[in-house]
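Student: Pasting the sequence and the predicted model now:
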Amino acid sequence: MAQLLILEYPDPRLKKVASPVTAFTAELQKLVRDMAETMYAAPGVGLAATQVDVHKRLLIIDVSEARDDLKVFVNPEILTAEGEAEQEEGCLSVPGYYDKVKRAARITVRAQNERGETFELAADGTLAVCIQHEMDHLVGKVFVDHLSPLKRARSRDKLRAPITAPMPKAPSITPYVWAPPCSRSRATSGISAATEPPAMPVASVRPSTMRMGGELMM
C-alpha cells in the first residue's frame, strides 16, 4: 500500500467530473487499499478518487469510532433523499476550513463494491452526510461550493495565507537571584527556576481525530 497525494482547493483538477468504473480489476482493488491508507493517515472519514487525482466514480468511507468499518462505493447513485440536516463539515482537500452545510438527512444509495457486486444502503446521520459530501467530489464540487461567494473567498484566502508561528519572547533573567529548584528535573539540570527559558510556542493543531465539535474531515 502507499499513501497518495491529496489535491487541495482550488486545484482545477478537483473540478473534473469522474467517469464510471467499468473494469473491476486488481488495479482497482489496489487503488482502494491506497486510498484507505491515505484517508486513515490524513486522518479523515471519507475520500473520493477525485481527491487523489483519479477521476473514476469511486469513494471510500469509514465513520466508525474504531476505524474498522471501511465502506467502498463504486459508481454510487442516490435513489432517495429525505429531510434536511445541517452539520459543520471539513474536507481533506480544503484543510483548516470548516463551515455548516445543509444536506438531505436520510438517503438510499445504490453502488458496487470493489469486486463489482451491487448493493443498496439506507443511511442517515454522519454516514448520509459523508456519502453526499464524497459524491459531490465525483461531479467536480467541494463542500465550499455550497457556501456563499463571500465564504468561498474566505476559504481561498485562508489556504493562501502563510502559516507562521509567533517569535518567542526573550527569557526574563533576574541577576544575582537564586531560586531553589521546584522539581528534581530542574535540580539535576542545573537551571534555576528564575533563569529557565520559556518553552518554545507550539502551533495550535486539531487533535488527531476526524471529528471536532461535529465537524467532519472528508
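Tutor: Ah, there it is.
Student: so after the helix or strand that contains Glu77, what's the next helix or strand?
Tutor: Assessed by DSSP states H and E, Glu77 sits inside strand 71-82. As assigned by DSSP H and E, the chain's next helix or strand after strand 71-82 is strand 85-91.
Student: and for that next one, what are the contacting residues?
Tutor: With contacts defined as Cβ atoms under 8 Å, 6 or more residues apart in numbering, strand 85-91 is touched by 9, 97-105, 125-126, 128-129, 133, 142-144, 213-218. In short, each C-beta sits where N, CA and C put it, glycine included.
Student: Quick one: the helices in this structure, in order.
Tutor: 26-41, 125-138, 149-160, 184-189 (DSSP state H).
Student: rewinding a little: and the average pLDDT for the strand holding Glu77 is what?
Tutor: Strand 71-82 carries an average pLDDT of 98.
Student: Can you check the distance spanned by stretch 100-116, start to finish?
Tutor: Stretch 100-116 has an end-to-end distance of 34 Å (criterion: Cα to Cα, to the nearest Å).
Student: same deal with stretch 87-103?
Tutor: 8 Å.
Student: So which bits of it are buried?
Tutor: Gln87, Glu89, Gly90, Cys91, Leu92, Ser93, Val94, Tyr97, Tyr98, Asp99, Val101, Arg103 (16 or more other Cβ atoms under 10 Å).
Student: Just the closest of those residues to Ala2, please.
Tutor: Closest approach to Ala2 among the buried residues of stretch 87-103 (Cβ to Cβ): Leu92, at 16.5 Å.
Student: Contact partners for that closest one?
Tutor: Going by Cβ under 8 Å, 6+ apart, the list of residues near Leu92 reads Ile6, Met39, Ala42, Gly44, Leu47, Gln51, Met217, Met218.
Student: Any of the residues you listed buried? List them.
Tutor: Ile6, Met39, Ala42, Gly44, Leu47, Gln51, Met217, Met218.
Student: Just give me the least confident of those.
Tutor: Among these, Met217 has the weakest pLDDT, 82.
Student: What separation do you get for it and Ala41?
Tutor: 12 Å (Cβ to Cβ, to the nearest Å).
Student: Which one of the buried residues of stretch 87-103 is nearest to Gln29?
Tutor: Leu92 (21.8 Å).
Student: For the closest one, give its distance to Thr38.
Tutor: Applying Cβ to Cβ to Leu92 and Thr38 gives a distance of 9 Å.
Student: residues shared between the contacts of those two?
Tutor: Ile6, Leu47.
Student: For the strand holding Glu77, which strands pair with it and how are they oriented?
Tutor: strand 58-61 (antiparallel), strand 106-112 (antiparallel) (DSSP bridges).
Student: Relative to Lys71, which of the ones you listed is closest?
Tutor: strand 58-61 (4.8 Å).
Student: And for the closest one, what's in contact with it?
Tutor: Contacts for strand 58-61 (Cβ under 8 Å, 6+ apart): 18, 21, 28, 31-32, 35-36, 39, 45-49, 70-74, 76, 127, 130-131, 134-135, 137-138.
Student: Over to stretch 17-33?
Tutor: Residues contacting stretch 17-33 (Cβ under 8 Å, 6+ apart): 1, 48-50, 54-58, 60, 72, 74-75, 112, 114-116, 137-140.
Student: and if we set it to 10 Å?
Tutor: For stretch 17-33, the surrounding residues in contact (Cβ atoms under 10 Å, 6 or more residues apart in numbering) are 1-2, 4, 48-50, 52, 54-60, 70, 72, 74-75, 112-117, 135, 137-141.
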